[in-house]
Structures are given as structure tokens and as C-alpha cells.
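Visitor: Fold the following and give me the result.
(one chain, ligands or ions: 2)
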Amino acid sequence: MSFDAPGAAAAVRDLLLSFGADPDSPELRDTPRRVAEFWAERLAGTEADPSLELVPLPGDLASCPVILERVPFVSTCEHHLAPFEGYATIGYLPGVGGTVGLSKLVKVVHGFANRLQVQERLTHEIASALETRLRPAAWGVKLVAIHTCMSHRGARTPDVPVTTQVLGGAWEKEPPGPFRN
Ligand SMILES: Nc1nc2c(ncn2[C@@H]2O[C@H](COP(=O)(O)OP(=O)(O)OP(=O)(O)O)[C@@H](O)[C@H]2O)c(=O)[nH]1
Ligand SMILES: [Zn+2]
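Guide: Numbers count the residues shown, from 1 in each chain. Ligands and ions are numbered 1, 2, ... in the order given. Prediction:
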């Protein structure tokens, strides 16, 4: 299944009607198109394979652990279609698969975040991409996020950060500092 922009716009039009709003009013006329474009962007990682970003850099790079902290991300809770957003810590100790450019790690986080998600699956998908593409000696992914489905409705708990973490290889038993906090 691929993203159907006209179908999404038609569905938003129906949604507005179900709200008792007039989708043909000057104020709302462009809203179905805008919302369809919004979701196209937010779900762009659904059909893509974000792990393909992880192509090793050529050459003999001096190898050491690499950890990026406070990488911002926004994703979408599949239960309520509500955003959850926060920060990722992502790192690895290079192994047989070599070293990647730093920006590729950020793109992997964003790629998997651009799907309908739960935070646990998002964490595992990012970790699996590191594991399978880089065959690292160690790897780790930690996400800390606020879920608007809990802050804006329902439980109405605005300040509850949710932490999820997956560690692999040598870091499973001995995680480095950023994965211990
Ligand atoms: N484990 C997990 N749960 C999530 C995530 N995002 C949202 N949820 C939860 O998914 C659950 C869906 O529960 P339901 O009882 O089916 O839906 P609901 O009646 O709208 O639930 P409330 O939010 O409790 O009002 C809620 O408890 C959400 O807090 C996530 O990333 N991981
Ligand atoms: Zn939710």
C-alpha cells in the first residue's frame, strides 16, 4: 500500500463534515490538501527503508565509540494519530561493517520516526538497523519522549517523559555513560 494523497484529502474533507464544519468555506477550503501533505511528510518513512542510509564511509578511519545525544525527533502514536516527540541517544562501537557519517545516524532516527509507531517499536527498528547494517561490536538506542495522547487528552499528564532503550553487543552488559543516565 502506498500513500494516497487525494484519498487522504477526501478523508479529511469527510472528517471536517463529521465535525459539523464546512469544508467549502474560504477558511477551510485548503485544509484537506494541507493535512494530506502533512501526513505525507509524517509517514514518509513507511515505504522507505531508512536503514539504507547506513553505508560505511570509505578509507581507514580511526575507530572508536560514536554516540550522538539529544537528537530531536517527532513521531506519531499509532493508537491516536497523536505526535510523540523527544530526543534520541544513538551510538555504536564500530565492528566489521565500519563507520558511517554522523548525519546518517540522524537520518535513520528520523526515517523510522516517520511511520505510525509505538515508542518501543521505533527504538527496536533503529537498533536493528544499526545491528544489521553495521555489524558493530556494540550498539545502543535510547529514546525519551512526551506523548501528546497522554498530555493533551485521556490521562492528561503533561510532563511524563517515557524512556525506552535497546542495547546490543558489548554494551548489553556494560553500557557507556549516555546509556546509563
Ligand atoms: N506501550 C505503548 N503504549 C502507547 C504508546 N503510545 C500510546 N500508548 C498507549 O496506548 C494505549 C491505548 O489504549 P486504549 O485503551 O486502546 O485507548 P484509550 O481508551 O484512548 O486509552 P487512554 O489513553 O488510556 O484514554 C494507551 O494506554 C496509550 O497510553 C507507546 O508508544 N507505547
Ligand atoms: Zn497514543
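
Visitor: how about the nearest residue to the residue most central in space within the chain, chain neighbours excluded?
Guide: Taking C-alpha atoms, centre = their mean, the centroid of the chain lies closest to Ala113, which sits 1.7 Å from it. Distances taken as C-beta to C-beta, 6 or more residues apart in numbering place Ser75 nearest to Ala113, at 4.0 Å, with adjacent residues excluded. C-beta: built from backbone N, CA, C; applies to glycine.

Visitor: Can you get me a residue count around Gly59?
Guide: 7 (other C-beta atoms under 10 Å).

Visitor: how close does it sit to Thr99?
Guide: Separation of Gly59 from Thr99 (C-beta to C-beta, to the nearest Å) stands at 9 Å.

Visitor: where's Pro6, which helix or strand?
Guide: Element membership of Pro6, judged by DSSP states H and E, is helix 5-18.

Visitor: Rounded mean pLDDT for the helix or strand just after that helix, please.
Guide: Downstream of helix 5-18, the first helix or strand assigned by DSSP H and E is helix 31-42. Averaging pLDDT along helix 31-42 gives 98.

Visitor: List the buried residues in helix 31-42.
Guide: Using 16 or more other C-beta atoms under 10 Å as the test for burial, helix 31-42 gives Thr31, Pro32, Val35, Ala36, Trp39, Arg42.

Visitor: Look up which helix or strand the residue in the chain that ligand 2 sits nearest to falls in, please.
Guide: Residue nearest to ligand 2 within the chain: Cys149 (2.8 Å; C-beta to the ion). Cys149 is part of helix 148-151, with elements assigned from DSSP H and E.

Visitor: Counting by contacts, list what that helix packs against.
Guide: With contacts taken as 3 or more C-beta pairs under 8 Å, 6 or more residues apart in numbering; DSSP states H and E, helix 148-151 sits against strand 82-93.

Visitor: Identify each buried residue in the strand it packs on, please.
Guide: Under 16+ other C-beta under 10 Å, the buried positions of strand 82-93 are Ala82, Pro83, Phe84, Gly86, Ala88, Thr89, Ile90, Gly91, Tyr92, Leu93.

Visitor: Repeat that for stretch 3-21.
Guide: Quick answer for stretch 3-21 (16+ other C-beta under 10 Å): Ala8, Ala9, Val12, Arg13, Leu16.

Visitor: repeat for stretch 100-111
Guide: So for stretch 100-111, counting by 16+ other C-beta under 10 Å, buried means Val100, Lys104, Leu105, Val106, Lys107, Val108, Val109, His110, Gly111.

Visitor: neighbouring contacts of that stretch?
Guide: Identification of contacts with stretch 100-111 by C-beta atoms under 8 Å, 6 or more residues apart in numbering yields 44-45, 48, 50-51, 53-57, 66, 68, 71, 73, 88, 90, 126, 129-130, 134.

Visitor: Same question for stretch 130-142.
Guide: Contacts of stretch 130-142 (C-beta under 8 Å, 6+ apart): 51, 54-56, 65, 67, 88-98, 100, 108, 123, 126-127, 163-172, 175-176, 178-179.
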